[in-house]
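A.B. asks: okay, here's the prediction I keep looking at, along with the sequence it came from:
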Amino acid sequence: MPSTTRDALSFPSAQSAQISPYLPISDSQSQPLPSKFHVTLTFATSLDSSLSLSPGVQTALSGPESKSMTHYLRSCHDAILIGVGTALADNPSLNCRIEGVGGYGGEGLERQPRPVILDPKGRWEFSEESKVMRLTKEGKGKAPFVVSNKEMEGQRRAMLECLGGKIIVLPSKPGAGEDSSASSSSTRLKWAEIFKILEGEGIQSVMVEGGGAVINDLLRPENFGLVDTVIITIAPTWLGKGGVLVCPDPRVEGEVRVPVGRLKGVHWLPLGEDVVLCGRPKET
Ligand SMILES: NC(=O)c1ccc[n+]([C@@H]2O[C@H](COP(=O)([O-])OP(=O)(O)OC[C@H]3O[C@@H](n4cnc5c(N)ncnc54)[C@H](O)[C@@H]3O)[C@@H](O)[C@H]2O)c1
Ligand SMILES: Nc1nc(=O)c(N)c(NC[C@H](O)[C@H](O)[C@H](O)COP(=O)(O)O)[nH]1
């Protein structure tokens, strides 16, 4: 086996067929390109709705089968988006390791998604040794786009651009929006704007992978309608209090609490010891 495919993953077609109705495009070449910008929200959670044991810590929740699914999902999207909290905690690879994609047996960087890091305050101090940069240099993934309110220091910016990435600087709008755990009021960006910027970069589909602040912000009623599909891996484990929770702000109508949201068109798929939940925020 060539060295490029030694660490490659595979995802069986019987299972990908069950997920494909929730994806912008499948790996089948016969499918048309998506006509509209598509947002998939995806993450792995414990039975007590935790993404990780504590902030700043990476916790493996997905088993091997659902991990392969996540990589399959990456191969079906133009971009993967994470918040800076996840970039700092996980030092993630943010590439796709499915056999047959670019760098893993395929040509060039075909079907490798573009990593996007949401970092309004410029907290991500990556280096050439950061995993995502190392993989880019090895031809196994694309360099990230960093969406920020702050310019990047010159040397780091040059390194990023040299690898094909870029920083997208957005003017901060002091006072825009309410304060939230996602970021302070002066740096919080509107999701519609973020997606519009990505579309302007030629990206037609994005898979939002987390972490907690990003997911809880997207689950707010004013943002949830921007999400086309949700794909959640549920692992059979409890992490206990103190973890990074998926638990959006409550929704109150009048003086009565109502559910924040409920998925429609739901499909459950067991994968190894995990179960994967697919659904849509809106009827289609
Ligand atoms: N289990 C999983 O699937 C999964 C996925 C991703 C991350 N994680 C875990 O989650 C933790 C990280 O989560 P977190 O909540 O600390 O960080 P995060 O990744 O959600 O990043 C939060 C930061 O993103 C930025 N941000 C978020 N929304 C924004 C908006 N609307 N406008 C501008 N900036 C915005 C802000 O700077 C904010 O501080 C880590 O422990 C990581 O391992 C788990
Ligand atoms: N599907 C999934 N299962 C998990 O158990 C887990 N911890 C994550 N976490 C998502 C987050 O985006 C991570 O940063 C990347 O999963 C890092 O993985 P890579 O190095 O990019 O392969 N995602």
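C.D. replies: Arrived safely, thanks for sending. Ligands and ions are numbered 1, 2, ... in the order given.
A.B. asks: residue contacts, the one residue in the stretch 101-250 of the chain that gets nearest to ligand 2?
C.D. replies: Going by C-beta to the nearest ligand atom, ligand 2 is nearest to E209 of the stretch 101-250 of the chain, at 3.8 Å. (C-beta placed from N, C-alpha, C; glycine too.) Listed by C-beta atoms under 8 Å, 6 or more residues apart in numbering, the contact partners of E209 are 42-43, 70, 80-82, 86.
A.B. asks: all strands in the stretch 151-284 of the chain, in order from the N-terminus.
C.D. replies: Assigned by DSSP state E, counting those that start in this stretch, the stretch 151-284 of the chain shows strands spanning 166-169, 205-210, 229-234, 244-245, 251-253, 256-258, 264-271, 274-280.
A.B. asks: do the third one and ligand 1 meet?
C.D. replies: Read that as strand 229-234. No - against ligand 1, strand 229-234 shows no contacts by C-beta under 6 Å from any ligand atom, the least distance being 7.3 Å.
A.B. asks: before we move on, the earlier item: can you say which of the strands of the stretch 151-284 of the chain is packed in most?
C.D. replies: Comparing those by mean neighbour count (mean count of other C-beta atoms under 10 Å), strand 205-210 ranks first with a mean of 25.
A.B. asks: pLDDT (mean, whole number) over it?
C.D. replies: In this model, strand 205-210 has a mean pLDDT of 98.
A.B. asks: is that strand up against ligand 1 anywhere?
C.D. replies: Yes - using C-beta under 6 Å from any ligand atom, strand 205-210 reaches ligand 1 at 209-210.
A.B. asks: could you dump that strand to CSV, C-alpha only?
C.D. replies: C-alpha atoms of strand 205-210 as CSV (Å, rounded to 0.1, in the frame of the first residue of the first chain):
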residue,chain,number,x,y,z
SER,A,205,-21.0,24.2,1.7
VAL,A,206,-19.7,24.3,5.3
MET,A,207,-19.6,21.8,8.1
VAL,A,208,-19.6,23.5,11.5
GLU,A,209,-17.8,21.2,13.9
GLY,A,210,-17.9,23.2,17.2
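A.B. asks: how about P250, what does it touch?
C.D. replies: P250 touches 257, 260, counting by C-beta under 8 Å, 6+ apart.
A.B. asks: R114 versus that one, what's the distance?
C.D. replies: Going from P250 to R114 by C-beta to C-beta, to the nearest Å gives 35 Å.
A.B. asks: ditto for L61
C.D. replies: 25 Å.
A.B. asks: so which bits of the stretch 151-284 of the chain are right by ligand 2?
C.D. replies: So far as C-beta under 6 Å from any ligand atom goes, the stretch 151-284 of the chain lies against ligand 2 at 209-210, 233.
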